[in-house]
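Visitor: Show me how the following folds:
(one chain, ligands or ions: 1)
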Amino acid sequence: MTAASAYTFIRYSEADGVARITLHRPDKLNAFSDVMFGEMRDAMDRVEAAAADGAVRVLVITGAGRGFCAGADLAAIDPATLGDVDLGMVLERDYNPMVLRLQKLPVPVLCAVNGVAAGAGASLALAGDITVAARSANFVLAFARIGLVPDAGATFLLPRRIGRARAAGLAMLGEKIDATTAERWGLIWQCVDDADFATTIDALAARLACAPTKALIATRALLNCAETSSLADQVAAERAMQAQAGRGADFREGVTAFREKRPAVFRGR
Ligand code: T3D
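Guide: Okay, here's the model as predicted:
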């Protein structure tokens, strides 16, 4: 079943268990705007609603045109108000809830980085569960170039993915790294040739749409709490999550399929 709808600055569709949000402001490399944030909130409401009845089991986020997302819309800033606007409030209202909510969605989030990901656009690219980039894409922590600090979770995610030295280099020098380097450094899961990008994303999304969704979401929660917990706390958390997974229909199906030497058919329960 396919359902698609157009907002102003994003496109949203659902088909075969896959929800897709396409940032759609290609002439501005999909820079964020107030309207886009509102549309993202609405789209995430829809993902949650569709996930509740099992119609959606993965969310793909990508960009239209040659960019993934260029971060904050710098053109929208009124030069007369520079220095007067509380950017902290802007983060609190728009960026932080978006990033935090992505990590709370009941389905895995696949960020498909089709082109440049800059500033908070790079943060968004890292905020999903799995990030795959086209070889021509690149990542630039552009914040220092305009006198800002990295935001939207970048200072949390970057050092954990690539280590402090590389995180500091990227954030303080504001240099671009290409997708091949991003993969080599462990910033993203995979970099694929442009010609294979769309099919790779579709195949990965289809695979995640047939995965044991609840177990994947519990895995995300465990990976997230591992960032700050002790080994003792972490094995306790694994115990609790595994107890839950062990009662799930997908575990029964997984073991049955293994014994019957056939592929498992997971229902995400
Ligand atoms: O206020 C708040 O919201 C606080 C939160 C801040 C979070 C942040 O994200 S701060 C960081 C903001 N982003 C940037 O600083 C990135 C700015 N863009 C660039 O550095 C470059 O455009 C890129 C490295 C991303 C790509 O370079 P390139 O050469 O491939 O493309 P381009 O020619 O620079 O850009 C193409 C068009 O997109 C161009 O428009 P034009 O001149 O053809 O009409 C350019 O102005 C526009 N564009 C690119 N980035 C933005 C943008 N328009 C508005 N805002 C942008 N961020």
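Visitor: what pLDDT, on average, does the longest helix seen in the chain get?
Guide: Once the chain is assigned using DSSP state H, the helix that runs over the most residues is helix 34-52. Averaged over helix 34-52, pLDDT sits at 97.
Visitor: Which residue ranges of the stretch 51-200 of the chain form helices?
Guide: Remark: helices assigned in the stretch 51-200 of the chain by DSSP state H, counting those that start in this stretch are 87-90, 96-102, 120-127, 154-162, 164-173, 179-185, 194-209.
Visitor: circling back to that earlier point, packing partners for the longest helix of the chain?
Guide: strand 10-15, strand 17-23, strand 56-63, helix 96-102 (3 or more CB pairs under 8 Å, 6 or more residues apart in numbering; DSSP states H and E). Just so you know, the C-beta spots here come from the backbone N, C-alpha and C atoms, and that holds for glycine as well.
Visitor: now, of these, which is deepest in the fold?
Guide: Of all the helices and strands packed on helix 34-52, strand 56-63 carries the top mean neighbour count, a mean of 27, counting by mean count of other CB atoms under 10 Å.
Visitor: And the ligand, is it touching that?
Guide: No: Strand 56-63 lies apart from the ligand when judged by CB under 6 Å from any ligand atom; the minimum separation is 11.3 Å.
Visitor: Remind me what that strand packs against, helices and strands.
Guide: Using 3+ CB pairs under 8 Å, 6+ apart, strand 56-63 is in contact with strand 17-23, helix 34-52, strand 109-113, helix 194-209.
Visitor: who wins for proximity to the ligand among those?
Guide: Comparing the helices and strands packed on strand 56-63 against the ligand with CB to the nearest ligand atom, the closest turns out to be helix 34-52 (9.2 Å).
Visitor: list the buried ones in stretch 176-196?
Guide: Neighbour-count burial for stretch 176-196 flags 176, 177, 179, 181, 182, 183, 185, 187, 188, 189, 191, 192 (criterion: 16 or more other CB atoms under 10 Å).
Visitor: I misspoke; the intended subject was stretch 251-261.
Guide: For stretch 251-261, by 16+ other CB under 10 Å, it's 251, 253, 254.
Visitor: Quick one, which of the helices of the stretch 51-200 of the chain gets closest to residue 66.
Guide: helix 194-209 (10.8 Å; CB to CB).
Visitor: how about the helices and strands packed on helix 34-52 in TSV, adding mean pLDDT?
Guide: Below are those laid out as TSV (pLDDT from 0 to 100):
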stretch	mean pLDDT
strand 10-15	98
strand 17-23	98
strand 56-63	98
helix 96-102	98
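Visitor: Dump the ones you listed to a markdown table, plus distance to residue 36.
Guide: Formatted as a markdown table, these follow (distance: least, CB to CB, whole Å):
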| stretch | distance to residue 36 |
| --- | --- |
| strand 10-15 | 6 |
| strand 17-23 | 7 |
| strand 56-63 | 11 |
| helix 96-102 | 10 |
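Visitor: what's the closest of these to residue 74?
Guide: Nearest to residue 74, of all the helices and strands packed on helix 34-52, is strand 17-23, at 15.9 Å by CB to CB.
Visitor: okay, the angle between that closest one and strand 109-113?
Guide: Between strand 17-23 and strand 109-113, the angle comes out at 40 degrees (axes from the mean of the first three to the mean of the last three CA atoms, to 10 degrees).
Visitor: before we move on, the earlier item: for the helices of the stretch 51-200 of the chain, which one sits closest to the ligand?
Guide: Nearest to the ligand, of all the helices of the stretch 51-200 of the chain, is helix 120-127, at 3.4 Å by CB to the nearest ligand atom.
Visitor: Helix 164-173 and the closest one, what's the angle between them?
Guide: 160 degrees.
Visitor: Neighbours of residue 235, how many?
Guide: 10 (other CB atoms under 10 Å).
Visitor: roughly how far out does stretch 67-83 sit from the chain middle?
Guide: 22 Å (CA atoms, centre = their mean, to the nearest Å).
Visitor: ok, now which ones touch the residue in the stretch 101-250 of the chain positioned nearest to the ligand?
Guide: Here the stretch 101-250 of the chain gets closest to the ligand at one residue, residue 119, 2.5 Å apart by CB to the nearest ligand atom. Counting by CB atoms under 8 Å, 6 or more residues apart in numbering, residue 119 touches 70, 71, 72, 140, 141, 142, 143.
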